[in-house]
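A.B. asks: Next one to model:
(chains A and B)
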Amino acid sequence: SQKIEQNSEALNIQEGKTATLTCNYTNYSPAYLQWYRQDPGRGPVFLLLIRENEKEKRKERLKVTFDTTLKQSLFHITASQPADSATYLCALGNTPLVFGKGTRLSVIA
Amino acid sequence: DVKVTQSSRYLVKRTGEKVFLECVQDMDHENMFWYRQDPGLGLRLIYFSYDVKMKEKGDIPEGYSVSREKKERFSLILESASTNQTSMYLCASSFSQKVGGNTIYFGEGSWLTVV
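C.D. replies: Coordinates of the predicted model:
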């Protein structure tokens, strides 16, 4: 069955550093991969989508890579700020999306 | 901006009660979804719908049903609420699957406590 794993449940980093979150998947060949942000008590919000033929996508301080050979996506936040603290979810596929369990990022001032 | 509105933010219901969670989207999306989210289990799909009066079971449909009488509205029904249905429920919507790589838009969530 399809499986998505996000490398860690929680990640703590210092303000100003680059946060790197990992999403691995098995038994799946998605054409698209998406990243969402979820704040406590709120619904997830879409951040970025990357297609299988795109190696990298950027949006402001965010960067996503997609390696279909490794079956892995990396999500980077550069110059991280305390306001970036949230849970980040990766999601695969088309409809319906399959979500990972998320990584809770804490950026410490 | 896309808006997905869930009618109730917080509910407390008794075991055995019939519970209705309502969701409305304002972007003419074909697809609508109901997820529940629990600590350590992530987002789990309960039901989804590709069109009016159409529904498909997700990963955990037991104990739930849905209704989609109008395109913009998707209701989740707990026929007889049980304590193990205490959770945060998230409604979401997206454009048709014919368009690839659809992002989905979530509501703010409904926190249901069954006592």
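
A.B. asks: Touching, residue B:82 and residue B:15? I think so.
C.D. replies: Yes: taking CB atoms under 8 Å as the definition, residue B:82 is a contact partner of residue B:15 at 6.1 Å. (Each C-beta comes from the backbone N, C-alpha and C, glycine too.)

A.B. asks: residues shared between the contacts of those two?
C.D. replies: residue B:114 (CB atoms under 8 Å, 6 or more residues apart in numbering or on different chains).

A.B. asks: give me the beta-bridge partners of residue B:105?
C.D. replies: With DSSP bridges applied, residue B:105 shows beta-bridge pairing to residue B:93.

A.B. asks: mind listing the strands for chain A?
C.D. replies: A:3-6, A:10-14, A:19-26, A:32-38, A:45-51, A:56-59, A:62-67, A:72-77, A:86-92, A:98-99, A:103-108 (DSSP state E).

A.B. asks: These: which one's closest to residue B:105?
C.D. replies: Taking CB to CB, strand A:45-51 is the member of these nearest to residue B:105, at 7.2 Å.

A.B. asks: So what are the sheet partners of the closest one and their directions?
C.D. replies: As defined by DSSP bridges, the strand partners of strand A:45-51 come to strand A:32-38 (antiparallel).

A.B. asks: The strand it pairs with versus strand A:19-26: what angle between them?
C.D. replies: Interaxial angle, strand A:32-38 versus strand A:19-26 (axes from the mean of the first three to the mean of the last three CA atoms, to 10 degrees): 130 degrees.

A.B. asks: Enumerate the residues of chain A near chain B.
C.D. replies: Residues of chain A lying near chain B by CB under 8 Å from any CB of the partner chain: A:31-32, A:34, A:41-46, A:49, A:51, A:89, A:94-97, A:99-102.

A.B. asks: Got a quick ChimeraX command for the buried subset of the residues you listed?
C.D. replies: A single ChimeraX command selects the buried members of these (16 or more other CB atoms under 10 Å in any protein chain shown):
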select /A:32,34,42,43,44,46,49,89,94,95,96,97,99,100,101,102
